[in-house]
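K.L.:
please find the sequence and the predicted model below.
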Amino acid sequence: MILLYVKLGKSIEFPLNNKTNFLNSVLVPLYREKSTIRETFEQVRFLKNLNQGSLTLKDTKIMSTNIFSGKNIHGFGYVEQFFVMLSLGIFLVTKIKNIKLKKNFLNLVKTLIVDFNTRNSPKLTVRFHKRNFKKIIHIFDSLPERKVIIDWEFDKLIFLNLLK
């Protein structure tokens, strides 16, 4: 199964649960079929490990009962950003050789986890930690360890865009 989240450029009118709704975004589980072609980012090692990629849908049928919207996906983008931040933090901790920086990065990851497990919403947790994760991306970018990451420049741009 592929979980597809789409933020729509403009709202669409959609009949759902016996009433008409206007959707700004949708979350759709897609099951493997011939009309669904998934391509991973082969050249980008880190994103490949996150199992992300692009998806081509050609005449793929999506049942309206499989579309989640509104309250069912409220905050999905923030939860996704949290897991990207968590994965990035752990990945960078494993790559850094400087003990002091490694401890600082690890503390940032631990704080992110603690904050996620508190009563704060994922939105507030992500918003609170974005600046720190942008900083560690820039710090890592200045280290010699970044040279072992194939296509780091491309990955860096993706991470910074995800953390906007």
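P.N.:
Looks like it came in fine.
K.L.:
what about the helices in this structure?
P.N.:
Under the criterion DSSP state H, helices of the chain are mapped to 45-49, 76-95, 99-116, 122-141, 152-162.
K.L.:
looking at the ones you listed, which is closest to I12?
P.N.:
I12 sits nearest to helix 76-95 of all those, at 17.6 Å, using Cβ to Cβ. From N, CA and C alone the C-beta is placed, and that goes for glycine too.
K.L.:
buried stuff in the closest one?
P.N.:
For helix 76-95, the neighbour count (16 or more other Cβ atoms under 10 Å) marks 76-77, 79, 81-82, 84-89, 91-93, 95 as buried.
K.L.:
who does it touch, helix- and strand-wise?
P.N.:
With contacts defined as 3 or more Cβ pairs under 8 Å, 6 or more residues apart in numbering; DSSP states H and E, helix 76-95 has these neighbours: strand 2-16, strand 19-30, helix 45-49, helix 99-116, helix 122-141, helix 152-162.
K.L.:
now stretch 100-110: buried residues?
P.N.:
101, 104-106, 108-109.
K.L.:
which residue packs closest to I137, ignoring adjacent ones?
P.N.:
Distances taken as Cβ to Cβ, 6 or more residues apart in numbering place F159 nearest to I137, at 5.6 Å, with adjacent residues excluded.
K.L.:
meant to ask about L112, not that
P.N.:
In this structure, L112 finds its nearest non-sequential neighbour in H129, 5.3 Å apart by Cβ to Cβ, 6+ apart.
K.L.:
quick one on the thing from earlier: residues near the residue nearest to I137, how many?
P.N.:
21 (other Cβ atoms under 10 Å).
K.L.:
again, but for E153
P.N.:
Residues lying near E153 (other Cβ under 10 Å) number 9.
K.L.:
in this structure, which helix or strand is least confident?
P.N.:
helix 45-49 (a mean of 48; mean pLDDT, DSSP states H and E).
K.L.:
beta partners of F22?
P.N.:
Beta bridges link F22 to E13 when assigned by DSSP bridges.
K.L.:
residue contacts, it?
P.N.:
Residues in contact with F22 (Cβ atoms under 8 Å, 6 or more residues apart in numbering) are 11-14.
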